[in-house]
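S.K.: Got a predicted model here, sequence first, then my questions.
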Number of protein chains: 2
Amino acid sequence: MNTTPKRKRSSGATVTTVQVAEAAGVSVATVSRFLTGVTRVSEAKREAIEAAIAQLDFKPNLLAASLKRGRSMTIGVLTQDVNSPFFTETVLGVEAALDGSGYEPLITSVHWNPKEEAERIRRLIARRVDGVIVLSGRLAEPALRRLAQQVPIVATGRQFKTSASPLRGLRLDNEAGGYLATRHLLELGHRQIAHIEGWPGTCDAAERLAGYRRALQEFGVDFDPHLVTSGNFSESGGLLAMNRLLDSGRSFTAVFAANDQTAYGARLALYRRGVRVPEDLALVGFDDLPASLYTTPPLTTVRQPMFEVGKLAAQTLLQLIEGGPAQPQMPTLSLMVRETTSRLR
Amino acid sequence: MNTTPKRKRSSGATVTTVQVAEAAGVSVATVSRFLTGVTRVSEAKREAIEAAIAQLDFKPNLLAASLKRGRSMTIGVLTQDVNSPFFTETVLGVEAALDGSGYEPLITSVHWNPKEEAERIRRLIARRVDGVIVLSGRLAEPALRRLAQQVPIVATGRQFKTSASPLRGLRLDNEAGGYLATRHLLELGHRQIAHIEGWPGTCDAAERLAGYRRALQEFGVDFDPHLVTSGNFSESGGLLAMNRLLDSGRSFTAVFAANDQTAYGARLALYRRGVRVPEDLALVGFDDLPASLYTTPPLTTVRQPMFEVGKLAAQTLLQLIEGGPAQPQMPTLSLMVRETTSRLR
DNA sequence: TTGTATGCGTTATCAC
DNA sequence: GTGATAACGCATACAA
């Protein structure tokens, strides 16, 4: 130990259970019992301890407790982008589910970087989190499975082969969402429906496209590859894609964008060119971000119940930690009909 | 200890430095030195330790290290709403500043609730975080100052009387922002300029209003209280306020909204009534949220450099932790002229 | 450079 | 119900 007392807070040295015990005239064990509530403590000692704690301004050290217990009562939450409503809404759901459970979330963001993702999980494990929730992770399944041997993991937006290891995937039916969006347009009379894809190569993008194709087929509309152009789930991607579509010379009366952000970008491209929505062109998004209620006009979109997904992820993880079975039932997608779609005239 | 081994991971019992030391044929101290890098270790032992670590799949326990060191190398970040771009952008700045410093952020959200805020900080202290960053906190100064005696705290969106305790406030000049927004409208020829206030009673709201009044005065325009109506920094508040303004019968050609979200709501009210922006009415926001680049049309707004604020907050906190002086220089606000404002015709 | 011994603050085991 | 005491896993003062 240093002789100089390492710059402590004003109150001087840290006060520990030992000092509380001394001041209260009991043993540390009793103080600990009082704190954890695991065993009954007599009324007299209880009061003495309470007084001592108040007088000394004692704050229990969770670090020490966690070390001893072997559990930290924290769960790590990895988000790709703290700046995206899509993720933050899920985090809200996680927080809601954890509230009152005794567990606390430890949120970090990894910026869509799989290497950073693995590194973060390792550091969380080093911190001895009791479980990890990965939102829309990009880490390969084998790597994830290896990590799951050290700590239970629940990942959203993914599916895994087996549920042997404490690893669960929570995946919404994106194909059904794409189908819902496209069918809505078809029902409104549209037949020339373009699609701005999501990030090429991702499951989400592929499944939404598949749903789009299934709806077309169901209505007897031929699939036209020229009406499909790729985006990247971002506003700028949507803007560029919309411009490409407009410049292609193909005619179309509706657009299904792979997500809301893509739709926002597409909307701006249309505004710039004086194309009215929905009079000249119908537009449907995917996600139902909070902002979609206040776009001009409010966006028709497929609602992803991310709050519920977050809640479910946390509940599933808790079950995994307790050693339960954990076979979660996924919520379903729904269509939010607003003002960017109207009957074809 | 339980006789049942408390459900350990597949690899069996946790592997510690002791076992690594045994396997490598050295002492625990040497293993520790290898891990921390505080002292040189001979090449031979170093290799032996590395081999042992790899073979045993050893993961250092940060909890134990933190307990021993008295520092956890984590800093707590309190955000009011993980779901708001305003906060999440600040968090990004914090992460950027912390990156490479050895410290890791521990993010939690407290939903604008001062009681929860205090409780969260206490729990963070229990976890022995080395510092706390509070984003737009609502906790009263005395309470905050008391907590700051236990751990250094940096709070954004606030100012404090003295800098005696390890507590710093980081506040942007909101008055200057309100002035900037209003002057822009005045320069475009507008004279009847309405204002939708922020949350009544908050500093931010009051200062932005003050800036609005100063600009009016500077241009010799009388302040008309009927052109000011209160909002609450949210979309729905902006929508309601805009409707009130429109229904009041007063004439005005421009609106300065207290923040971007308010402007989004106002924009929707205008769309619903067929009022064109900016042809019929100019609109200015405050914050420059990422979404404001993609509204229809893109929103003219006052940019709050929240990323920089987050960075500055983290840097200031780090200095506080090291015991430095820490008198941060705040960045300034700027106007982002986009497409919701035009010259009065 | 390396090893020994001790302690960080708490919880859990055991005997009373 | 209560009190000694031994861990939890790691870092460091000290001696070598």
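M.R.: Arrived safely, thanks for sending.

S.K.: Every contact and neighbour count from this point should use C-alpha atoms.
M.R.: Will do.

S.K.: Buried ones in the helix or strand where residue A:246 lies, by neighbour count?
M.R.: In this structure, residue A:246 is located in helix A:235-247 according to DSSP states H and E. For helix A:235-247, a neighbour-count test (16 or more other Cα atoms under 10 Å in any protein chain shown) marks A:235-243, A:245 as buried.

S.K.: Keep only those residues that also lie close to chain B.
M.R.: By Cα under 8 Å from any Cα of the partner chain, the members of the buried residues of helix A:235-247 lying near chain B are residue A:235.

S.K.: Just send the buried residues of helix A:235-247 back as a markdown table, with pLDDT too.
M.R.: Below are the buried residues of helix A:235-247 laid out as a markdown table (pLDDT from 0 to 100):
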| residue | pLDDT |
| --- | --- |
| A:235 | 95 |
| A:236 | 96 |
| A:237 | 97 |
| A:238 | 98 |
| A:239 | 98 |
| A:240 | 98 |
| A:241 | 98 |
| A:242 | 98 |
| A:243 | 98 |
| A:245 | 98 |
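
S.K.: Tell me the one of the buried residues of helix A:235-247 nearest chain B?
M.R.: residue A:235 (7.4 Å; Cα to the nearest Cα).

S.K.: okay but the closest one is in contact with residue A:259, surely?
M.R.: No: between residue A:235 and residue A:259 there is no contact under Cα atoms under 8 Å: 9.4 Å.

S.K.: list the contacts for the closest residue to DNA strand C within the stretch 151-300 of chain A?
M.R.: The minimum distance from the stretch 151-300 of chain A to DNA strand C, using Cα to the nearest atom of the strand, falls at residue A:151 (19.4 Å). Neighbour list for residue A:151: A:125, A:129-132, A:166, B:9 [criterion: Cα atoms under 8 Å, 6 or more residues apart in numbering or on different chains].

S.K.: Mind checking which of these are buried?
M.R.: A:125, A:129-132, A:166.

S.K.: closest to chain B among the residues you listed?
M.R.: Nearest to chain B among those, counting by Cα to the nearest Cα, is residue A:125 at 8.2 Å.

S.K.: I'd like the distance from the residue most central in space within chain A to residue A:118, if you could.
M.R.: Closest residue to the average C-alpha location of chain A: residue A:90 at 3.7 Å, with Cα atoms, centre = their mean. The spacing between residue A:90 and residue A:118, counted by Cα to Cα, to the nearest Å, is 20 Å.

S.K.: Just to be sure, residue A:78 is in a helix?
M.R.: No: read with DSSP: H, G, I helix; E, B strand; the rest coil, residue A:78 is strand and lies in no helix.

S.K.: Now the residue lying closest to it once chain neighbours are set aside. Its backbone dihedrals?
M.R.: Leaving aside its sequence neighbours, residue A:78 sits nearest to residue A:134 (Cα to Cα, 6 or more residues apart in numbering or on different chains; 4.8 Å). Here is the backbone geometry of residue A:134 (degrees, to the nearest 10): phi -110, psi 120.

S.K.: What ranges does chain A have for its strands?
M.R.: A:74-79, A:104-109, A:131-135, A:153-156, A:167-170, A:193-197, A:228-230, A:254-257, A:282-287, A:300-303, A:334-336 (DSSP state E).

S.K.: Return the per-residue confidence for the residue nearest to residue A:78.
M.R.: Predicted confidence (pLDDT) for residue A:134: 96.

S.K.: if I pick it, what's in contact with it?
M.R.: A:77-79, A:153-156.

S.K.: So what angle separates the directions of the helix holding residue A:246 and strand A:193-197?
M.R.: 150 degrees (axes from the mean of the first three to the mean of the last three Cα atoms, to 10 degrees).

S.K.: list the helices and strands helix A:235-247 packs on?
M.R.: strand A:193-197, strand A:228-230, helix A:260-273 (3 or more Cα pairs under 8 Å, 6 or more residues apart in numbering or on different chains; DSSP states H and E).

S.K.: picking up where we left off before, dump the contacts of residue A:151 to CSV, plus distance to residue A:175.
M.R.: What follows is the contacts of residue A:151, written out as CSV (distance: Cα to Cα, whole Å):
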residue, distance to residue A:175
A:125, 35
A:129, 34
A:130, 33
A:131, 30
A:132, 27
A:166, 27
B:9, 36
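
S.K.: Among those, which lie within helices?
M.R.: The helices, defined by DSSP state H, take in residue A:125 from these.

S.K.: Can I get the contacts of residue A:151 in a markdown table including distance to DNA strand C?
M.R.: Compiled in a markdown table, the contacts of residue A:151 are given as follows (distance: Cα to the nearest atom of the strand, whole Å):
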| residue | distance to DNA strand C |
| --- | --- |
| A:125 | 18 |
| A:129 | 16 |
| A:130 | 15 |
| A:131 | 19 |
| A:132 | 22 |
| A:166 | 23 |
| B:9 | 18 |
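
S.K.: Please name the nearest non-neighbouring residue to residue A:275.
M.R.: Spatially, and ignoring its direct neighbours in sequence, residue A:275 is nearest to residue A:281 (7.2 Å; Cα to Cα, 6+ apart).

S.K.: And for the closest residue to DNA strand C within the stretch 101-250 of chain A, the neighbour number?
M.R.: Of all residues in the stretch 101-250 of chain A, residue A:102 sits closest to DNA strand C, at 13.1 Å by Cα to the nearest atom of the strand. For residue A:102, the neighbour count with other Cα atoms under 10 Å in any protein chain shown is 8.

S.K.: Is it correct that it is in contact with residue A:73?
M.R.: Yes: Residue A:102 lies in contact with residue A:73 (Cα under 8 Å); the separation is 6.6 Å.

S.K.: If you tally nearby residues, what's the number for residue A:289?
M.R.: 23.

S.K.: check contacts around it.
M.R.: A:85-86, A:260.

S.K.: and which of the residues you listed is nearest residue B:107?
M.R.: Nearest to residue B:107, judged by Cα to Cα, of the contacts of residue A:289 is residue A:85 at 16.0 Å.

S.K.: Which residue ranges make up the domains of chain A?
M.R.: Domains of chain A are assigned by automatic domain parsing as A:17-60, A:72-172+A:306-329, A:174-303.

S.K.: Can you pull out the low-pLDDT segments for chain A?
M.R.: Scanning chain A with the threshold set as pLDDT under 70 gives A:1-13, A:82-83.

S.K.: 50 instead?
M.R.: Along chain A, segments meeting pLDDT under 50 span A:1-12.
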